[in-house]
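1. Predicted model follows, preceded by the sequence.
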Number of protein chains: 2
Amino acid sequence: MFKMTSLTISKQTNLQAALLALSLDRDSPQPLHAQLTEALRALILTGRAHPGTRLPASRQLAQDLTVSRQTALTALDQLIAEGYLETRIGAGTFVARDLPHLAPPTTLAPAGPEPQGSRPLRPFHPGQPDMALFPHAAWARHLDRAWRHPDPALLALPDPLGWPPLRAAITAHLSAWRGIACGSGQVVITSGAAETFELLARAAFRPRETVLTEEPGYAPMLAALERAGLHAQPMPVDGDGAILPDDSAARGAIVTPSRHHPLGVTLPLSRRLALLDWARRKAAWVIEDDYDSEFRYSGAPLPALASLEAGRTIYVGSFSKLLSPTLRLGYVVVPPALLNAVRAPLAETGPRASLVPQPALAQFMDSGEFATHLRRMRRIYGQRQAALRAALERHLPGRLIASPDPSGMHLVCRIGPDLGGFDDTEIAARAGAAGVTLRPLSTYWTDGTGPQGLILGYAGFDAEALEAATLRLARALPAGQPGSAPVRA
Amino acid sequence: MFKMTSLTISKQTNLQAALLALSLDRDSPQPLHAQLTEALRALILTGRAHPGTRLPASRQLAQDLTVSRQTALTALDQLIAEGYLETRIGAGTFVARDLPHLAPPTTLAPAGPEPQGSRPLRPFHPGQPDMALFPHAAWARHLDRAWRHPDPALLALPDPLGWPPLRAAITAHLSAWRGIACGSGQVVITSGAAETFELLARAAFRPRETVLTEEPGYAPMLAALERAGLHAQPMPVDGDGAILPDDSAARGAIVTPSRHHPLGVTLPLSRRLALLDWARRKAAWVIEDDYDSEFRYSGAPLPALASLEAGRTIYVGSFSKLLSPTLRLGYVVVPPALLNAVRAPLAETGPRASLVPQPALAQFMDSGEFATHLRRMRRIYGQRQAALRAALERHLPGRLIASPDPSGMHLVCRIGPDLGGFDDTEIAARAGAAGVTLRPLSTYWTDGTGPQGLILGYAGFDAEALEAATLRLARALPAGQPGSAPVRA
């Protein structure tokens, strides 16, 4: 039989006092029962309601707090379900004795760090689409439509390679825009380029094999190779893109032929064919990273490697730059011979790519809205490139000189004679202090000692913002040498 | 000056014939200009319209195909934008000479494999929530609300550790349900347990260090350790969970204390305290994988390790089992001392977890709908466990004997005397042939020679489906020994 000692009585008095002191907000959108649950839970968690203490009966509690009995019962039921309270038949409701949550005071001490949070995009942050131009209403409608009455196949055991209708939509996009003919079963959805490279590093190669990579190149890709135990052999890049070494034991090559990252140069057809010929002779894999080739403002794009040689080419794409980095969706077109090796790790651990955006994106592509959006962005980014080019010529002549580039989302600038004495990292630091993001080109080389230059992203900023940021940059950088300014006639 | 040779004339005649043969479907929901674009693109891609061939003027084309001139112009404009066509001033529109897409015939040959597609969930597939009970309408509403007029912070450079309001909502959930007190800055969003273990294997340990793991355990976690170059030292598991070795050079331990995976046993408080004491003495990390502890049907849960010792415990959770595997969202609570090591790889490559579901999930949790859903599922899964238990006793007495278990989403059954001669893999194979998924327990040991038994998931199936599947299973398995059936009095 349960006996009440003087100690429990005093605890109970304390609890009753604390209960009477509870203030519930009748104007809050949070229902009263939820407020009461939270308040009772807090009393228990903070140790003001001790394990084993009896609570007032629900009728009494309701009366004390001027709430309905149903409200009191709902709150008590929830805390019983959560294990904070327990009932003993004929005796009432008690704070659970074997209490799961009474954390020792140390962990109830001031909580840990606050999240850093997101940061606004500063000009000239590269590689970011302008999300203000994203068709949010259409996208929200597709999300709602896909998930309000979801296709039963979305709720079954998923294909680890991704939502089949999205893979079919990507197949159609690649056929139309890049001339690539593949089956949608070859398209594998990933959470983006970083996962793609990790998957491929393990599926296409064996540890300690050598893979040719571009120098300068994409650091996360190099890190993925290293983690897989592969050796990266750098290929130098000249004005025509990567130079294939005469002789290499490499089992594959990773290239950005449409638009070298970050230099922007395009690999000419002759080098493309030589690369594919090498891959065929050596039975090596060519990984084609085609991250933003859709943004080309003049001239015809060269054929994708994957459209020239489907058997030895692995085609890597992503929606982060084309559409939105919030999706975290990328894809890779895998030759049939490699498909099982790619499937195995995805089947074992389950896919990384969320299924939530996939049916919405498939509809967005099938409806033609994706192609419309790409064409619109291509037009706008082309205008922005021209605007930045003009602003640089106006405000920084002889200081930052943009390379010609018919495509992409950023400009590569060399350091002009009027800034001749300055290092690109030094210029970037001065710009950073003035609120302008410049990426020093030299840091894209693995040893950080590449040619001097600066990367200026323009895609994410309108002409006005580009003009203002260029002006700010011009004021932050040392002025031209005396006498280099044009002399008025 | 452009000259027309007899060859181009004949090509042009061919093209004109092909154009006149185009059939556009006026009843199709696809607009006519889109159909025309597609048809023209196909003519070019299949080589029927040769590079350099001139197209009829838009007025002529419109007349030939009985479409409006605007339709013809729209289609031509799009193909010019895509690089299939080019215009020469005063000369007209031509199939692009430097054509990007003319894939060689080999890649236009029969396309690759079709996607495998999703598979229906068969009873007794374990670890899957019942998606028919998921609140789809509420979820679609939250998705729509989050993305129709998105918070500007969703469109800025993201915090690589995840959407801060979701991290705050998880902090509140862990405080209420698991008694864990942490700052939301310590909560890191991942694409699920597999990514979490990969992150932790690299952030908390150095290559070649030893980590204690449970035997039997979770295979993808072991694979992640191996890929990071770590050595896994197995801890045997008895009826009370993992047994800490007397002496170990391990730098950490990975455990499932709330509910051992897959055995379902709960680590008692004495072993929890011993484990935490070991971690403090050795400055080792304890990784607490708390994958479904919210589904507990009776009795009070024991305190989470992370609520007892916040400094050395890393708490791993996931929404795949609690809510939906389509989200691909998990999380990890990282002690402040480890936070920078976890942040670095996520900042370098960008997060894997999609941002699309994160604001919707944060709202779903903040509104209380998540807790309501969990309580509802807990009640239903508890009823389903009882239904499966009763069905097994009714149809398979003496053959499959369920262990008592107050929690979880599956039952562990030992093989009864009436099936004594059979191996668990053999029983699983027979069940599989009858359309019923059983997981043989012995295969959860790394060498596949663990104790005999079978795993039956029940969470994803209603009582009727569980009854029918048990009956089907009873018919597929060898009948009891003669004489073992109860004799009618």
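-> Received it, and whenever you're ready, just let me know what you need.
2. Longest strand in chain A, by number of residues?
-> The longest strand of chain A (DSSP state E) is strand A:231-238.
3. how far out from the middle of the chain is it?
-> Chain-centre distance of strand A:231-238: 27 Å, with C-alpha atoms, centre = their mean, to the nearest Å.
4. Name the next helix or strand downstream of that strand, please.
-> Next along the chain after strand A:231-238, taking DSSP states H and E as the criterion, comes strand A:241-242.
5. Show me what that following strand is packed against.
-> With contacts defined as 3 or more C-beta pairs under 8 Å, 6 or more residues apart in numbering or on different chains; DSSP states H and E, strand A:241-242 has these neighbours: strand A:210-215, strand A:252-255. In short, each C-beta sits where N, CA and C put it, glycine included.
6. For the longest strand of chain A, enumerate the helices and strands it packs against.
-> Contact partners of strand A:231-238 among helices and strands, from 3+ C-beta pairs under 8 Å, 6+ apart: strand A:210-215, helix A:219-227.
7. what's the most buried one of these?
-> Among those, judged by mean count of other C-beta atoms under 10 Å in any protein chain shown, the one packed with the most neighbours on average is strand A:210-215 (a mean of 23).
8. pLDDT on that one, on average?
-> Strand A:210-215 carries an average pLDDT of 97.
9. Check stretch A:319-329 too.
-> On average, stretch A:319-329 scores 95.
10. What is the end-to-end distance of that stretch?
-> Stretch A:319-329 has its terminal residues 6 Å apart, counting by C-alpha to C-alpha, to the nearest Å.
11. close to chain B, is that stretch?
-> Yes: Stretch A:319-329 lies within reach of chain B by C-beta under 8 Å from any C-beta of the partner chain, at A:320, A:325-329.
12. JSON lines for the residues you listed, including neighbour count and secondary structure?
-> Putting the residues of stretch A:319-329 next to chain B into JSON lines (neighbours: other C-beta atoms under 10 Å in any protein chain shown; DSSP: H, G, I helix; E, B strand; the rest coil) gives the following:
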{"residue": "A:Ser320", "neighbour count": "21", "secondary structure": "coil"}
{"residue": "A:Pro325", "neighbour count": "21", "secondary structure": "coil"}
{"residue": "A:Thr326", "neighbour count": "23", "secondary structure": "coil"}
{"residue": "A:Leu327", "neighbour count": "24", "secondary structure": "coil"}
{"residue": "A:Arg328", "neighbour count": "28", "secondary structure": "coil"}
{"residue": "A:Leu329", "neighbour count": "26", "secondary structure": "coil"}
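13. The longest strand of chain A vs strand A:210-215, what angle?
-> Counting by axes from the mean of the first three to the mean of the last three C-alpha atoms, to 10 degrees, strand A:231-238 lies at 30 degrees to strand A:210-215.
14. So what does A:Ile287 look like in phi/psi?
-> phi -100, psi 120 (degrees, to the nearest 10).
15. returning to what we had before: just the C-alpha atoms of the longest strand of chain A, please, in CSV.
-> Coordinates of each C-alpha in strand A:231-238 appear next as CSV, following Å, rounded to 0.1, in the frame of the first residue of the first chain:
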residue,chain,number,x,y,z
HIS,A,231,46.2,8.5,-56.7
ALA,A,232,45.4,11.7,-58.6
GLN,A,233,47.8,12.5,-61.5
PRO,A,234,47.4,16.2,-62.4
MET,A,235,47.0,17.1,-66.1
PRO,A,236,48.1,20.7,-66.8
VAL,A,237,45.5,23.0,-68.4
ASP,A,238,46.4,25.4,-71.2
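16. Neighbouring strands - and their directions - for that strand?
-> Paired neighbours of strand A:231-238 in the sheet (DSSP bridges): strand A:210-215 (parallel), strand A:241-242 (antiparallel).
17. Could you give the average pLDDT over it?
-> 96.
18. now stretch A:189-196
-> On average, stretch A:189-196 scores 95.
19. ok, now stretch A:369-388?
-> 95.
20. Let me know the distance separating the nearest residue to A:Arg328 once chain neighbours are set aside from A:Pro351.
-> In this structure, A:Arg328 finds its nearest non-sequential neighbour in B:Ser354, 4.2 Å apart by C-beta to C-beta, 6 or more residues apart in numbering or on different chains. Computed as C-beta to C-beta, to the nearest Å, the B:Ser354 to A:Pro351 distance reads 11 Å.
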